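**Student:** Compute the structure for the input listed below.
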Amino acid sequence: MDPVAITRVTLGGADVLCCGSILSPIEVQRATPVAASDDWLQNITIYLLNRTDKNIVNGTITLDFPETGAGTPDSPRRPYVIGFGRLPPGTVVINGRTRQPMVWTAGPDVKPVLLAPGQTMVFTLRDYIEEIKRVIDPKAISKVIIRRSGFFFDDAMRWAAGRYSNPDPEHPGKWISLDPSYFPGRPDGPPRGDK
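**Tutor:** Residues are numbered from 1 along each chain as shown. Purely as a prediction, here's the structure:
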């Protein structure tokens with residue numbers, strides 16, 4: 001029921017078999033180790049497909065590096081988040097410092113994005129490698145977990161933590177979760193935008 005799917009990951013143009021692809025109800029694809037040079041991370045390309053019948057205007061993909069920590073409070077991992085697009089106009093978020101609702105506005109350097117139904121967006125990590133180096137030393141890691149984090153649609157609906165929700169008009173900055181079975185499209189078929 002996720003709004004997007006990572007349909008392909010390449011390393012230097014060659015497809016990489018990734019862990020997590022479901023082969024059957026009881027079998028999950030295991031990751032296949034590949035021999036790579038020290039600059040392997042910057043040579044990764046991620047293909048992200050919009051599976052829904054709605055336009056995605058904002059989203060995040062998280063690169064998680066398991067070798068940087070155990071993922072516990074005493075040993076946190078150092079992730080890198082790739083964000084794209086702008087939140088829908090008028091979106092109210094909670095300010096992390098003041099805990100008060102505020103209307104989010106994009107700075108001039110944030111480019112609008114429209115990931116239409118059935119469309120694929122491509123992320124080449126080479127475009128982010130200098131920022132990634134501020135978080136981790138790419139030569140010191142040999143694994144990356146790619147996660148779909150959160151997405152906003154042009155009508156202000158969002159998907160986060162595995163659930164779709166709409167803004168709560170009575171409580172700015174709060175969200176109303178939709179039924180867990182809700183999917184904005186046909187989960188068993190291609191989006192209408194896929195021709």
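**Student:** got any ranges where this structure has weak pLDDT?
**Tutor:** Residue ranges of the chain with pLDDT under 70: 18-36, 104-108, 190, 192-195.
**Student:** go with 90
**Tutor:** Low-confidence segments of the chain (pLDDT under 90): 1, 12-39, 70-71, 87-112, 161, 171-174, 186-195.
**Student:** State the distance from the residue sitting furthest away from the middle of it to residue 144.
**Tutor:** In the chain, the residue that sits farthest from the middle, by Cα atoms, centre = their mean, is residue 170; the gap is 28.6 Å. Computed with Cβ to Cβ, to the nearest Å, the distance linking residue 170 and residue 144 is 41 Å. For the C-beta atoms, the positions are set from N, CA and C on the backbone; glycine is no exception.
**Student:** Ramachandran angles for residue 139?
**Tutor:** For residue 139, the backbone dihedrals (degrees, to the nearest 10) come out as phi -70, psi -20.
**Student:** isn't it right up against residue 38?
**Tutor:** Yes: Residue 139 is in contact with residue 38 according to Cβ atoms under 8 Å; the separation is 5.0 Å.
**Student:** Looking at those two, which has the bigger crowd around it?
**Tutor:** Counted by other Cβ atoms under 10 Å, residue 139 and residue 38 do not tie: residue 139 has more neighbours, with 12 against 9.
**Student:** what's that one in contact with, if anything?
**Tutor:** For residue 139, the contact set (Cβ atoms under 8 Å, 6 or more residues apart in numbering) comprises residue 38.
**Student:** do the same with residue 51
**Tutor:** 2-5, 185, 187, 191.
**Student:** can you pull out the helices in the chain?
**Tutor:** 129-132 (DSSP state H).
**Student:** Beta-bridge partners for the closest residue to residue 2 other than its chain neighbours, please?
**Tutor:** For residue 2, ignoring the flanking residues on the chain, the nearest one in space by Cβ to Cβ, 6 or more residues apart in numbering is residue 148 at 6.3 Å. As for beta bridges, residue 148 partners with residue 61 under DSSP bridges.
**Student:** what's around residue 148, how many residues?
**Tutor:** Residue 148: 17 neighbours (other Cβ under 10 Å).
**Student:** do residue 5 as well
**Tutor:** The burial count for residue 5: 14, using other Cβ under 10 Å.
**Student:** Could you find the closest non-adjacent residue to it?
**Tutor:** residue 49 (4.9 Å).
**Student:** what about that neighbour, neighbour count?
**Tutor:** Applying other Cβ under 10 Å, we find 20 residues neighbouring residue 49.
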